[in-house]
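S.K.: can you look at this prediction? I've put the sequence above it.
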Amino acid sequence: ELLTLPEGVECQYELAVTGTCYAFLKSRVGVSITLEFLQRVVLNSLVFARMTPDQKAALVGDFQQLEIYTGMCGDGANDCGALKAAHMGVSLSESEASIAAPFTSQSPNISCIPILLAEGRAALSTSFQLFRFIACYSFIQFLAVITLYFRGTVLGNWQYLYQDLFIVFPLTIFMGDTRANPHLSLKRPSGNLLKIFN
């Protein structure tokens with residue numbers, strides 16, 4: 001019989017869950033525990049230890065069902081399934097896990113994670129800014145062509161070449177060459193392309 005708290009009572013707790021305990025809880029969902037109970041256990045666990053490769057991949061899936069972006073670091077072949085399933089998989093070795101993971105760290109510890117997050121955020125933000133710039137540029141060029149058309153003239157070939165080669169091209173190169181902030185911000189950039197501010 002599992003402990004249940006009285007209605008309205010909140011409990012602050014942190015758990016360490018072994019693979020055996022996790023497998024037991026998964027097998028009892030719908031029988032003696034609810035899915036919500038399993039989700040509470042997963043959310044309040046700080047340590048997951050001694051898990052099989054299938055249990056690691058299932059755990060990543062549990063976090064993703066809760067709509068939590070999930071990262072996984074692994075150093076061996078037994079981590080391959082979870083590394084593939086995670087939103088961000090980082091291999092901490094150059095063994096089989098490095099083939100399964102999208103990212104491979106040259107140091108065998110998790111010190112690369114803040115750098116990876118900062119670079120990912122910078123890449124997302126830069127891509128969005130470049131897209132917005134090109135969209136604005138196209139709109140401005142459209143307005144220029146329409147305005148000149150109503151005045152009875154058009155831009156010449158050399159004027160188009162000047163705009164593209166000397167104004168737009170250098171801006172896109174310099175905007176795309178921006179570096180990530182060395183300090184990871186608490187605020188994530190927006191994932192919405194139509195939002196004005198990131």
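M.R.: Great, that's in hand. Everything quoted here is computed from the prediction, not taken from an experiment. Numbers count the residues shown, from 1 in each chain.

S.K.: check contacts around the residue lying farthest from the centre of the chain.
M.R.: Taking CA atoms, centre = their mean as the measure, the residue most remote from the mean C-alpha position of the chain is Gly152, 50.8 Å away. With contacts defined as CB atoms under 8 Å, 6 or more residues apart in numbering, Gly152 is in contact with no residue. Just so you know, the C-beta spots here come from the backbone N, C-alpha and C atoms, and that holds for glycine as well.

S.K.: can you verify it is assigned to a helix?
M.R.: No - remark: Gly152 does not belong to a helix; assigned using DSSP: H, G, I helix; E, B strand; the rest coil, it is coil.

S.K.: tell me the spacing between the spatially closest residue to Thr52 that is not a sequence neighbour and His87.
M.R.: Leaving aside its sequence neighbours, Thr52 sits nearest to Gly19 (CB to CB, 6 or more residues apart in numbering; 5.7 Å). Per CB to CB, to the nearest Å, Gly19 is found 22 Å from His87.

S.K.: who has more neighbours out of those two?
M.R.: Taking other CB atoms under 10 Å, Gly19 and His87 do not tie; Gly19 has more neighbours (16 against 13).

S.K.: what residues sit buried inside the helix or strand of the chain with the lowest mean pLDDT?
M.R.: Of all the helices and strands that make up the chain, the one with the lowest confidence by mean pLDDT, DSSP states H and E is helix 97-100; it has a mean of 82. Residues of helix 97-100 classed as buried under the neighbour-count rule (16 or more other CB atoms under 10 Å) are 97-98, 100.
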